[in-house]
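[1] Got a predicted structure plus its sequence, pasted below:
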Amino acid sequence: MEMSQLTKELLNLKAGEHRTVYTNDKGIKVTVTHTGKISPKDFGVGLIYPNEPEFRPTHIRLIIDLHIKKISNEVGAHKLFLALEKINKGEDPLKVKEEVKGINFPMQLDDADINLYYTQLLMIEQDVNYAPGTGKQSRLNPPHEYLMRFIRWVGSGDSTIDRIIFAAAGRRYPAPEKYSKPIE
């Protein structure tokens, strides 16, 4: 579903509501659960692998996964980064996934389509929690630009993963402004 439409739906989650948003061909589910922690409309993003308990992937997991994909298949990773740019622009990951289908990553945490799905949800989560009027307003517009800059930083190969993770995990500073430019 396109980001704008899915955002409208997720803003209407009821307290404690849990919903599967995407399921891939391997039966891996990407979920949301209303938590109301950061803002009244806050939700957590979840992953459920078949026969395993649900867990909450973070932006750190995504950054690490993109990094290991990049070092294991640079050409394939570039295609994935281009697909993530489309997700950033609001496109439907169910349509964009065709662009990454069949890419082999010898090293990965999650399949590329799962990256697309939960990246979209993490972006929506940032927009919901850090929009104007939420009390924790982002300096970036849209707020999900924060995550997208880290994705581009990984894609650039300009820094070690250690430096990128330190910045992203510690929230000491956002990714440099030069990563506001889309990957081409």
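    Alright, I've got the coordinates. Residues are numbered from 1 along each chain as shown.

[2] hey, let's count contacts and neighbours off CA atoms from now on
    OK.

[3] shaky segments in this structure?
    171-172 (pLDDT under 70).

[4] following the longest helix along the chain, which helix or strand shows up next?
    Identified as the longest helix of the chain according to DSSP state H is helix 112-129. Following helix 112-129 in sequence order, the next helix or strand is helix 145-156 (DSSP states H and E).

[5] Now do the contacts for I28.
    With contact set as Cα atoms under 8 Å, 6 or more residues apart in numbering, I28 has these partners: 47-50, 114.

[6] again, only this time at 7 Å
    I28 makes contact with 48-50, according to Cα atoms under 7 Å, 6 or more residues apart in numbering.

[7] Next: L11.
    Taking Cα under 7 Å, 6+ apart, one finds K41 in contact with L11.

[8] how close does it get to V154?
    As defined by Cα to Cα, to the nearest Å, L11 lies at a distance of 30 Å from V154.

[9] Distance to A169 and neighbour count added to the contacts of I28, as CSV?
    Formatted as CSV, the entries for the contacts of I28 read as follows, by distance: Cα to Cα, whole Å; neighbours: other Cα atoms under 10 Å:
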residue, distance to A169, neighbour count
I48, 23, 17
Y49, 25, 15
P50, 28, 11
